[in-house]
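Undergrad: requesting a structural model of the entry that follows:
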Amino acid sequence: MKKEIIVFNGKNIRRKLVDGKWFFSVVDIVGVLTESENPRNYWNMLKQREKESSGIELSTFCVQLKLIAEDGKLRETDCADTESIFRIIQSIPSKKAEPFKRWLAKVGYERIQEIEDPELAQERMKSLYEQKGYSKDWIDKRLRGIAIRQNLTDEWKNRGIDQEIEFAILTNEISRAAFGKTVEEYKKFKGLKRENLRDHMTDLELIFSMLGEASTTEIERVQNPSTFDEHLKVSNKGGNIAKIARVELEQETGEPVVSDENFLDIPERLKKKKRKRGEMNFIENN
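TA: Residues are numbered from 1 along each chain as shown. Modelled structure (predicted):
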């Protein structure tokens, strides 16, 4: 997984990795630099003003990519790579432009470093999860799950799956087979909206997610499906392998694996744990 939302001065900026290059949401950047209440309108007026004053079409610096919108759906959005963003920024009168350029250049440089040394990307991700308060055991499982997911998507791409909607349908099939819920149903069950579902899974949920996707990958390799329907059947088989293991564990323990627990309140839970440890130390020492 590559993090597709980054933060500048407390504001979210959406981005997407395409052929090893980051493309950033122009509207989000306009919002950050102008603090406009309606950055989309500002961007439209900026394009019109630049066309009239210099004859330059700022849209030519952009590509349309599907990014997650506020309603949680994928929508076509004007995006630009680092070089094109620098050109667009020249048209925006803002005191924040220079510090933003330096920040954006740093983000781009980090990507170059990660291409040369992939372990850096993993270390940065690990550090991010640690800062959010996740346990080291959980982080290890999460990172392993990311690698397994990447192996699966690579298998799909090698066999002609290249549309986001196709990835989503196949992923839903694995999830439905393994847990009895689609990704969206699972997120709703956990009380999530735009958050990443796997960032809110328990250790066991992560383990069975990995089992479902790793099983799907192996079946893909052996059976070599060629049509989308065949891929769908393989995804169902992989998910069912995880389901069988999950059900067997639930029968042995009498406890469900699928949990409504999420990690939205990690900082608060950490505070509670610290308070509890303090209380226990007080009891033991008195």
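Undergrad: any buried residues in stretch 180-189, and which?
TA: Residues of stretch 180-189 classed as buried: Lys181, Thr182, Val183, Tyr186, Lys187 (neighbour count, 16 or more other CB atoms under 10 Å). (C-beta placed from N, C-alpha, C; glycine too.)
Undergrad: what about Thr34, how many neighbours?
TA: Residues lying near Thr34 (other CB atoms under 10 Å) number 17.
Undergrad: once you drop chain neighbours, what's closest to it?
TA: Nearest in space to Thr34, with sequence neighbours left out and distances taken as CB to CB, 6 or more residues apart in numbering, is Tyr42 at 5.6 Å.
Undergrad: on the three-state scheme, Ile146 is what?
TA: At Ile146 the chain is in helix, as set by DSSP: H, G, I helix; E, B strand; the rest coil.
Undergrad: my error: substitute Arg15 in the last question.
TA: strand.
Undergrad: tell me what it is bridged to.
TA: Beta-bridge partners for Arg15, by DSSP bridges, are Phe24.
Undergrad: follow-up on the earlier one: could you dump the buried residues of stretch 180-189 to CSV with pLDDT and distance to Glu35?
TA: Output for these, formatted as CSV (pLDDT from 0 to 100; distance: CB to CB, whole Å):
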residue, pLDDT, distance to Glu35
Lys181, 96, 40
Thr182, 95, 38
Val183, 94, 34
Tyr186, 96, 36
Lys187, 93, 31
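Undergrad: out of those residues, which is nearest to Ala214?
TA: Closest approach between those and Ala214, by CB to CB: Val183, at 17.8 Å.
Undergrad: so that closest one versus Phe86, what's the distance?
TA: Distance from Val183 to Phe86, counting by CB to CB, to the nearest Å: 36 Å.
Undergrad: please look at Asp78 and Lys66 and confirm they touch.
TA: No - Asp78 is beyond contact range of Lys66, at 11.7 Å (criterion: CB atoms under 8 Å).
Undergrad: who has more neighbours, these two?
TA: Asp78 (25 against 14).
Undergrad: follow-up on the earlier one: switch the buried residues of stretch 180-189 over to JSON lines; also include distance to Ser36 and secondary structure.
TA: Output for the buried residues of stretch 180-189, formatted as JSON lines (distance: CB to CB, whole Å; DSSP: H, G, I helix; E, B strand; the rest coil):
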{"residue": "Lys181", "distance to Ser36": "39", "secondary structure": "coil"}
{"residue": "Thr182", "distance to Ser36": "36", "secondary structure": "coil"}
{"residue": "Val183", "distance to Ser36": "33", "secondary structure": "helix"}
{"residue": "Tyr186", "distance to Ser36": "35", "secondary structure": "helix"}
{"residue": "Lys187", "distance to Ser36": "30", "secondary structure": "helix"}
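Undergrad: quick one: the helices in this protein?
TA: 26-34, 39-54, 82-89, 97-116, 118-132, 136-158, 164-179, 183-189, 203-223, 228-253, 266-284 (DSSP state H).
Undergrad: could you give the number of residues near the residue nearest to Ala97 when sequence neighbours are not counted?
TA: Counting by CB to CB, 6+ apart, Ala97 lies nearest to Ile89, which is 5.3 Å off, once chain neighbours are set aside. For Ile89, the count of nearby residues is 20 (other CB under 10 Å).
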